[in-house]
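Novice: need a 3D model of the sequence below.
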Amino acid sequence: MTKSKITFSVLMPLFYKENPIYLDLALKSIYQQTLLPNEIVLVKEGDLGEKLNVVLKKWQKVQPDQLSIRIVDADREGVVGLPACLNLGLDTITTDYIARFDSDDENCRDRFKKQVDFLEENPQVALLGGQIEEMDEWMQASIALRNVPVGDIEIKKFAKWRNPFNHQSVMYKTEVVKTLGGYPNVRANEDYALWGKFMAKGYQVANLSDTLVKARTGEGLYKRRRGISYLKGEVESLKSLYDSKFFNKREYYVQLVSRACIRLLPQNSIKQIYGFLRN
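Specialist: Numbering: from 1, shown residues only. Now for the predicted structure:
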């Protein structure tokens with residue numbers, strides 16, 4: 001395992017209710033990468049408790065001379081919510097790139113090497129993602145592949161209708177994301193709203209065709225993505241995409257109507273729609 005020529009940090013939020021077993025496996029998938037990051041910046045929200053802290057201490061001792069875990073305390077800074085926590089973390093990062101990752105997913109072993117190799121050959125790309133495999137909560141059965149377009153033009157066309165990146169797979173330039181002001185403070189799809197700012201400003205974007213992350217989704221995914229509460233957050237995200245001038249007025253209203261129709265459907269219907277979109 002080696003360091004990269006370009007420097008990058010892994011940005012990972014950690015909520016106090018997270019499963020310690022999931023966190024252990026997530027960190028393991030970072031430490032076992034063929035190309036190590038320079039650091040893991042973990043933004044914690046809430047009192048983590050004994051079990052989560054045991055996991056963190058375990059991995060902090062594994063390779064302290066090669067890879068460190070730097071903990072940013074959101075509570076101490078008075079920060080609440082995912083977008084604000086992510087922004088708090090990225091504000092502390094000084095490496096060239098930031099790699100996003102979630103505390104309940106698992107990286108494929110050569111994820112970072114593939115992304116860094118691509119970025120070294122394509123330094124004009126400011127935002128790079130990849131494909132993910134959605135798994136059940138035990139990481140035993142594959143539910144679906146979430147494939148997204150690869151090229152800059154195709155991604156920007158796709159983004160007019162759906163999120164063109166898998167959030168837990170992306171790497172982006174630190175300087176650029178800070179210039180853009182970080183994640184918009186919305187209650188859902190904060191990543192989609194951020195990608196809109198990249199694309200509206202003309203930055204070049206790309207996805208690898210490789211599967212980079214196994215995402216622990218399970219049946220709870222469909223329950224979380226329906227109802228009035230989720231729809232309100234999604235409307236905030238769509239408004240942000242309009243305000244950033246990525247959506248024009250027609251695109252914005254078409255999105256509002258279509259999203260409202262979908263989010264108010266029964267859970268089984270949403271599951272069928274997601275299955276259709278994946279295939």
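Novice: all contacts plus neighbour counts: C-alpha atoms, from now on.
Specialist: Noted.
Novice: identify the residues contacting stretch 58-76?
Specialist: 27-28, 31, 36-46, 80, 85, 88-89 (Cα atoms under 8 Å, 6 or more residues apart in numbering).
Novice: tell me the SS of Q33?
Specialist: coil (DSSP: H, G, I helix; E, B strand; the rest coil).
Novice: give the contact list for it.
Specialist: If you count contacts by Cα under 8 Å, 6+ apart, Q33 has them with M1, C108, R109, D110, R111, F112, K113.
Novice: list phi and psi for the fifth one.
Specialist: Main-chain torsions, R111, degrees, to the nearest 10: phi -50, psi -60.
Novice: so who does it touch?
Specialist: Applying Cα under 8 Å, 6+ apart to R111 gives the contacts Q33, L212, V213.
Novice: what does the second one give?
Specialist: Taking Cα under 8 Å, 6+ apart as the definition of contact, the neighbours of C108 are S29, Q33, T211, L212, V213, K214.
Novice: if we go to 7 Å?
Specialist: Residues near C108 by Cα atoms under 7 Å, 6 or more residues apart in numbering: L212, V213, K214.
Novice: which secondary structure state is assigned to the first one?
Specialist: Judged by three-state DSSP, the three-state class of L212 is strand.
Novice: next one: it from P20, what distance?
Specialist: 22 Å (Cα to Cα, to the nearest Å).
Novice: between the contacts of Q33, which has the most around it?
Specialist: Within these, neighbour counts (other Cα atoms under 10 Å) peak at F112, which reaches 25 neighbours.
Novice: need the pLDDT of that residue.
Specialist: With respect to pLDDT, F112 scores 98.
Novice: just Q267 next, same as before
Specialist: 61.
Novice: again with the one 5 residues further on
Specialist: You'll see Q272 listed with a pLDDT of 60.
Novice: what of the one 5 residues further on?
Specialist: At L277 the predicted local distance difference test score is 57.
Novice: repeat that for K223.
Specialist: So K223 comes in at 55 (pLDDT).
Novice: name the residues that touch stretch 96-105?
Specialist: 6-14, 22-23, 26, 167-174, 214-216.
Novice: from those, list the buried ones, please.
Specialist: Among the contacts of stretch 96-105, those classed as buried by 16 or more other Cα atoms under 10 Å are 7-14, 22-23, 26, 167-174, 214-216.
Novice: not counting its neighbours along the chain, what's nearest D105?
Specialist: A215 (4.8 Å; Cα to Cα, 6 or more residues apart in numbering).
Novice: what about that neighbour, is that helix, strand or coil?
Specialist: A215 ends up strand, using three-state DSSP.
Novice: state the distance from Y97 to A141.
Specialist: Applying Cα to Cα to Y97 and A141 gives a distance of 32 Å.
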